[in-house]
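Visitor: Requesting a structural model of the entry that follows:
(one chain, ligands or ions: 1)
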Amino acid sequence: MCGIVGYVGQEQASPILLDGLRRLEYRGYDSAGVAVYDGQGGIRVVKAKGRLQVLSDLTQEGTALPGTIGLGHTRWATHGEPSDVNSHPHMSQRGKFAVVHNGIIENYMELREFLENQGVTFASQTDTEVVAQLLEYCYNGDLMATVQKVLHRIRGAYALGILCRDQPDVLVAVRKDSPLILGLGEGFNLLASDVTALIRYTRDVVYMDDNEIALLSTAGVQVFDAYLQPVDKEPQRVDWEISAAEKGGYEHFMFKEIMEQPKAFRDTVFPRIVNNRVVLEDLSLTPEEVRDIDHIVIIACGSSYHVGMVSKYILEKLLRKPVEVALASEFRYSDPFVTERTLCIVISQSGETIDTLAAMREAKRLGAKVLAIVNVVGSTIAREADHVLYTWAGPEIAVATTKAYSTQLAVMYLVGLYFADLMGRIDSNTYDAIVCELLRIPSKMESILENKEHIQYFASIYFNHDSIFFIGRNIDYAIGLEGSLKLKEISYIHSEAYAAGELKHGTISLVEDGTLVVALASYGQLFEKLMSNVVEVKSRGADVLGLTTQRLKESMEKTVDATMAVPDTHPMLLPSLDVIPMQLFAYYVALMRGCDIDKPRNLAKSVTVE
Ligand code: AGP
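Guide: Numbering: from 1, shown residues only. Okay, the predicted model is just below:
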């Protein structure tokens, strides 16, 4: 989604803004722009559709836009097509205000109509421009009071950066339902929608909360509530290295992150296993509260939802309690059935996905306890949940998630074992066997990654297929969902995942000569059933690529065209191994098709609009 960066200090602002925007590129965008106060009574704006390089060239890397205070923005179009004029920053008609915005102003039509009736002329089709025009319309010489007045008139979700020509030594930042972070420096201060834009300049940050307004100057940062009363905010220290958000010699972030999975899994799991027991010191649920849970609802979007799908099978098996998995965007509008004995597990890499956040708030409102599994420390979901377990994957930059998926799954194993133990649902032999295998997963992941050329070879055979089905049963089906999403989001090949038994209830009509079917068969007890489905699609002309375990490989090879095999492990943990060939296959197919892997079309890393 859109990215915001703002700077006030003694250095030239434009190069810093461009650098910050570069670090936000991964979020997905279609245009970019900067606004800088020129020191002579005017705000200069340069903005352009397309890659950041276009903006960089237009401003000669920022040198053609002098000034020490400014705002930058990368836009992911919602209202109005991607174009130069619809890009941010937006100016008010007399040039008094420049505004950058993430989110959606829901009542922009009525505000636009009102302002047009007052003689205001709009330049763009965006919802954001109404904020700039309204600021100018309401301006009475008191900047903060004007901002407050405008906030009373607008509805929706917004993170705003505001620069006023009449007070060119301050930036105003506003947050409601869209993340905004303040970066604290010596003699300078920053604002950004994402910590990655700040980390090169400062590690001391303040996470803004909803309905807060901040005033940034060279001298410092003040935060106010909606009534303009000062709020005391505790600065937080960001401890990850800047190199973690850089490619480090890899061609793509996605590939780097695939390769980082053994380490991410280790970092997430190993510190939480002490003397072969799962110890969740960071979990604030008491043993009594855990024992009291009678129903679990997992809520998430996209790949995080797919982790939920896998987890349903695992948790139900371990806990013998009902586990539902809900798409966050559906949950909040479905009059969900939850009680105070329900545990809602919310999964989100970014911790900012608006649907997941809204669903979590609804679950809390209905009285459920909420446990969030989140990667980004200090994110909104992490701060608002009752309980949090972090996935220590490090910053994930590629739009297509890989290491976050793996670490979310890892945390779910830990939660499953921990709860099962407290609930008295697991015998010690099974517990010990799973923990023992859990510790071996990273090295088994490494052995798959060492043989990646094998999967690259399959990708080179199948990359030209236009339609790919993933079929599996139970957990294999849930992994197929992720395999299919990975493939379609970065390679743009039409793909669907099906519970294999469902195929003959309709979808098999689409299978014809040249359709590729990826058949997942990791589980012995369902192997024969799945192989019958493989025979059905083969007899209709499909090419079949199988994914199974070393133990079952030989049996699978007899029927399919090609086989990928992962090391054997405890059945509950197989998803952690199975998903890696799926990720690599999607990556290599996209590479061979010449796709922009880290910035797939139409997609954003963090989806902060509904
Ligand atoms: C996966 O590759 C996606 N980019 C996407 O489905 C993602 O998992 C989804 O948007 C949820 O994001 P979150 O985990 O940050 O909430």
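Visitor: rest of the way, CA atoms for contacts and neighbours
Guide: OK.
Visitor: how far away is the residue of the stretch 351-500 of the chain found nearest the ligand from residue 524?
Guide: With C-alpha to the nearest ligand atom, the shortest gap between the stretch 351-500 of the chain and the ligand falls at residue 400, namely 3.4 Å. Using C-alpha to C-alpha, to the nearest Å, residue 400 is found at 30 Å from residue 524.
Visitor: Looking at those two, which one has more neighbours?
Guide: residue 400 (28 against 14; other C-alpha atoms under 10 Å).
Visitor: and that one, which of the three is it?
Guide: coil (DSSP: H, G, I helix; E, B strand; the rest coil).
Visitor: rewinding a little: from what I see, the residue of the stretch 351-500 of the chain closest to the ligand and residue 486 are in contact.
Guide: Yes: Residue 400 is within contact range of residue 486, at 6.5 Å (criterion: C-alpha atoms under 8 Å).
Visitor: show me the contacts for the residue of the stretch 351-500 of the chain closest to the ligand.
Guide: 254, 486, 489, 490, 598, 605 (C-alpha atoms under 8 Å, 6 or more residues apart in numbering).
Visitor: try 7 Å this time
Guide: 254, 486 (C-alpha atoms under 7 Å, 6 or more residues apart in numbering).
Visitor: Could you tell me which residues of the protein lie near the ligand?
Guide: 301-304, 348-351, 353, 399-401, 486, 605-607 (C-alpha under 6 Å from any ligand atom).
Visitor: roughly how far apart are the closest residue to residue 159 other than its chain neighbours and residue 487?
Guide: Of all residues not flanking residue 159 in the chain, residue 175 sits nearest, at 4.4 Å (C-alpha to C-alpha, 6 or more residues apart in numbering). Separation of residue 175 from residue 487 (C-alpha to C-alpha) stands at 35 Å.
Visitor: Who are the contact partners of residue 456?
Guide: 585, 588.
Visitor: Assumed it was part of a helix.
Guide: Yes: counting by three-state DSSP, residue 456 is located in a helix.
Visitor: Look at it and report its pLDDT.
Guide: Among the per-residue scores, residue 456 holds a pLDDT of 93.
Visitor: ok so, going back, paired strands for the helix or strand hosting the residue nearest to residue 159, with orientation please.
Guide: Residue 175 belongs to strand 171-176 when assigned by DSSP states H and E. Within its sheet, strand 171-176 is paired with strand 156-164 (antiparallel), strand 212-216 (antiparallel), according to DSSP bridges.
Visitor: elements contacting the very next helix or strand once past that strand?
Guide: Next helix or strand after strand 171-176 toward the C-terminus (DSSP H and E): strand 181-184. When contacts are defined as 3 or more C-alpha pairs under 7 Å, 6 or more residues apart in numbering; DSSP states H and E, strand 181-184 sits against strand 189-192, strand 204-207.
Visitor: now, of those, which is deepest in the fold?
Guide: strand 189-192 (a mean of 29; mean count of other C-alpha atoms under 10 Å).
Visitor: can you give me the offset of that one from its chain's centre?
Guide: The chain centre lies 21 Å from the centre of strand 189-192; the measure is C-alpha atoms, centre = their mean, to the nearest Å.
Visitor: Endpoint to endpoint, stretch 202-220 covers what distance?
Guide: Termini of stretch 202-220 sit 14 Å apart (C-alpha to C-alpha).
Visitor: Only the buried residues of it, if you could.
Guide: Under the neighbour-count criterion of 16 or more other C-alpha atoms under 10 Å, stretch 202-220 has 202-218, 220 buried.
Visitor: now swap in stretch 154-162 and tell me
Guide: Buried residues in stretch 154-162 (16+ other C-alpha under 10 Å): 154, 157, 158, 159, 160, 161, 162.
Visitor: repeat for stretch 397-416
Guide: 397-416.
Visitor: for stretch 91-107, same thing?
Guide: Buried, per 16+ other C-alpha under 10 Å, within stretch 91-107: 91-93, 95-105.
Visitor: before we move on, what about stretch 2-20?
Guide: Here stretch 2-20 shows 2-9, 12-20 as buried, counting by 16+ other C-alpha under 10 Å.
Visitor: Take those and keep only those in strands.
Guide: Taking DSSP state E as the definition of strands, the buried residues of stretch 2-20 contribute 3, 4, 5, 6, 7, 8.
Visitor: residue contacts, residue 476?
Guide: Taking C-alpha under 7 Å, 6+ apart, one finds 520, 521, 522 in contact with residue 476.
Visitor: tell me the phi and psi of the second one?
Guide: Backbone torsions of residue 521, given as degrees, to the nearest 10, read phi -140, psi 80.
Visitor: what about the residue nearest to it when sequence neighbours are not counted, how many neighbours?
Guide: Of all residues not flanking residue 521 in the chain, residue 548 sits nearest, at 5.1 Å (C-alpha to C-alpha, 6+ apart). Using other C-alpha under 10 Å, residue 548 has 27 neighbouring residues.
Visitor: where's residue 548, which helix or strand?
Guide: Going by DSSP H and E, residue 548 is in strand 543-549.
Visitor: Send me the helix or strand that comes right after that strand as CSV with only the CA atoms.
Guide: Following strand 543-549 in sequence order, the next helix or strand is helix 550-557 (DSSP H and E). Below are the C-alpha coordinates for helix 550-557, written out as CSV (Å, rounded to 0.1, in the frame of the first residue of the first chain):
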residue,chain,number,x,y,z
GLN,A,550,11.2,-39.5,0.8
ARG,A,551,9.4,-42.5,2.2
LEU,A,552,6.6,-42.3,-0.3
LYS,A,553,8.6,-41.0,-3.2
GLU,A,554,9.0,-44.4,-5.0
SER,A,555,5.3,-45.2,-4.8
MET,A,556,4.5,-41.8,-6.3
GLU,A,557,7.0,-41.9,-9.1
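Visitor: quick check, distance from helix 550-557 to the centre of its chain.
Guide: 36 Å.
Visitor: Give the pairing partners of the helix or strand just after that helix; include direction for each.
Guide: Under the assignment DSSP H and E, the closest C-terminal helix or strand after helix 550-557 is strand 562-566. Each strand paired with strand 562-566, and its direction, by DSSP bridges: strand 543-549 (parallel).
Visitor: Pick the one among the ones in strands among the buried residues of stretch 2-20 closest to the ligand.
Guide: residue 3 (15.1 Å).
Visitor: tell me the pLDDT at that closest one?
Guide: 92.
Visitor: Correct me if wrong: it contacts residue 196.
Guide: No: at 10.6 Å, residue 3 and residue 196 do not qualify as touching, with contact defined as C-alpha atoms under 7 Å.
Visitor: Touching both of those two, which residues are there?
Guide: residue 24.
Visitor: can you list the weak-confidence ranges in the stretch 51-200 of the chain?
Guide: By pLDDT under 70, the stretch 51-200 of the chain contains no weakly predicted segment.
Visitor: The same query, at a cut-off of 90, please.
Guide: 51, 62, 75-85, 103-104, 157, 177-179, 194-196 (pLDDT under 90).
Visitor: cool, the stretch 251-400 of the chain as well?
Guide: Ranges of the stretch 251-400 of the chain meeting pLDDT under 90: 251, 282, 284, 332-337, 377-378.
Visitor: Please, where are all the helices along it?
Guide: Assigned by DSSP state H, counting those that start in this stretch, the stretch 251-400 of the chain shows helices spanning 253-259, 261-269, 287-292, 302-319, 328-331, 354-365, 380-384.
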